[in-house]
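[1] sequence plus the predicted model coming up.
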Protein chains: 2
Amino acid sequence: MASDLDSTDRKILREVVRDARISQMALAEKVGLSPTACTRRLTALEKKGVIKGYAAEIDASELGYMMTVHVHITLDKQSEDALSAFEREIAKCPDVVSCYLMSGNDDYLVHVQARDMEDYERIHKQHLSRMPGVARLHSSFAMRSVVKRGVSVSALTG
Amino acid sequence: MASDLDSTDRKILREVVRDARISQMALAEKVGLSPTACTRRLTALEKKGVIKGYAAEIDASELGYMMTVHVHITLDKQSEDALSAFEREIAKCPDVVSCYLMSGNDDYLVHVQARDMEDYERIHKQHLSRMPGVARLHSSFAMRSVVKRGVSVSALTG
DNA sequence: TATGAAAGGCCGTGAAC
DNA sequence: GTTCACGGCCTTTCATA
């Protein structure tokens, strides 16, 4: 479903990715359109689903969440039901930032945020290890975030 | 630097995470404040750095980017200079969404977006394998995204 | 089917309390 | 934290290519 966007649409996308709260008039001027035309394009991008929404970016460390952990999770079964049951539960875990089903051994890569090591121990024991069908958990701790974007630059410039 | 936020501040954060383009008046009503007081709090959260910015969420698959790859990268040296050189280059790579320095063997976990397998082959050859100091590359392909948030729910409710 | 221009209502902003 | 008032933005309508 690769929508056919022209360079103006992509320019609009780059601007709202940079600043979602930009005013319609400022956006219109940046992309070289009248406010009316610009707003119409923006609305179209929202309706098409290219723009899924607008979110404030929060500094988790400012809220006391100092730890980023990547957890590789292997299930003991790989049946549809087992995957579904696990995914239903992991989606409910409030400490999870992202979760991907990975190819290969059908395991999951789960990104977790925690206040500190003690907090992560609690999350590990009370949530992660109790997820349905979990066979193995391997935690990798991030020491530093080097790059963090919502979407790749290529996707917006290509 | 864990800021001391009250329940109103957290309510504001939850709302702007859900919809960054919410109007000041609508936000004020949702949190039970007058528009002026609400805007003052929001501005304070921005100045404190709790809110880093506002970004549109883009559906990469709508732009033709169908692949999500997690790449484990090990360097041949772990000196300060080697890490810095690598990080400078990886930050320039337009296909990278995120990159973390991981504890343990001082390797990196890099999240990459690509159009398709051919595109990823190009990224792998032309960008990733040519990064300074790279010893080993291990690619893991995501089959499905199960959870995707900008920040954990706990950080906003805690 | 796309844009551009103008008018009116609503919102965002600041002063005073 | 609230009220009030003013300036400006957002939206709609309509005309155009």
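    Now that the structure is in, tell me what you want to look at.
[2] domain parsing for chain A?
    A:2-56, A:60-141 (automatic domain parsing).
[3] what about the longest one, near chain B?
    Yes: contact of domain A:60-141 with chain B (CB under 8 Å from any CB of the partner chain) involves A:60-65, A:68, A:70, A:87, A:90-91, A:94-104, A:108-110, A:112-113, A:115, A:140-141. Heads up, the C-betas are built off the backbone N, CA and C, glycines and all.
[4] ditto for stretch A:145-154
    Yes: Stretch A:145-154 lies within reach of chain B by CB under 8 Å from any CB, at A:145, A:146, A:147, A:148, A:149, A:150, A:151, A:152, A:153, A:154.
[5] closest to residue A:12 out of the residues you listed?
    residue A:151 (13.9 Å; CB to CB).
[6] so residue A:78 belongs to a helix, correct?
    No: secondary structure assignment (DSSP: H, G, I helix; E, B strand; the rest coil) places residue A:78 in coil, not in a helix.
[7] that one: neighbouring residues, count only.
    As a burial measure, residue A:78 scores 12 neighbours (other CB atoms under 10 Å in any protein chain shown).
[8] likewise the one 4 residues further on?
    Taking other CB under 10 Å as the criterion, the count of residues near residue A:82 is 15.
[9] state the helix or strand in which it lies.
    helix A:80-92 (DSSP states H and E).
[10] CA-only coordinates of the following helix or strand past that helix in CSV, if you can.
    For helix A:80-92, the following helix or strand on the C-terminal side (DSSP H and E) is strand A:96-102. Coordinates of each C-alpha in strand A:96-102 appear next as CSV, following Å, rounded to 0.1, in the frame of the first residue of the first chain:
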residue,chain,number,x,y,z
VAL,A,96,7.0,-2.5,27.8
VAL,A,97,7.8,0.1,25.1
SER,A,98,8.0,-2.2,22.1
CYS,A,99,7.8,-5.9,21.2
TYR,A,100,8.6,-7.6,18.0
LEU,A,101,8.1,-11.2,16.9
MET,A,102,11.4,-12.1,15.3
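[11] for DNA strand D, see how far away residue A:101 is.
    Residue A:101 sits 38 Å away from DNA strand D, going by CB to the nearest atom of the strand, to the nearest Å.
[12] for residue B:108, see how far away residue A:98 is.
    Look at residue A:98 and residue B:108: by CB to CB, to the nearest Å, they are 17 Å apart.
[13] who has more neighbours out of those two?
    Taking other CB under 10 Å, residue A:98 and residue B:108 do not tie; residue B:108 has more neighbours (23 against 20).
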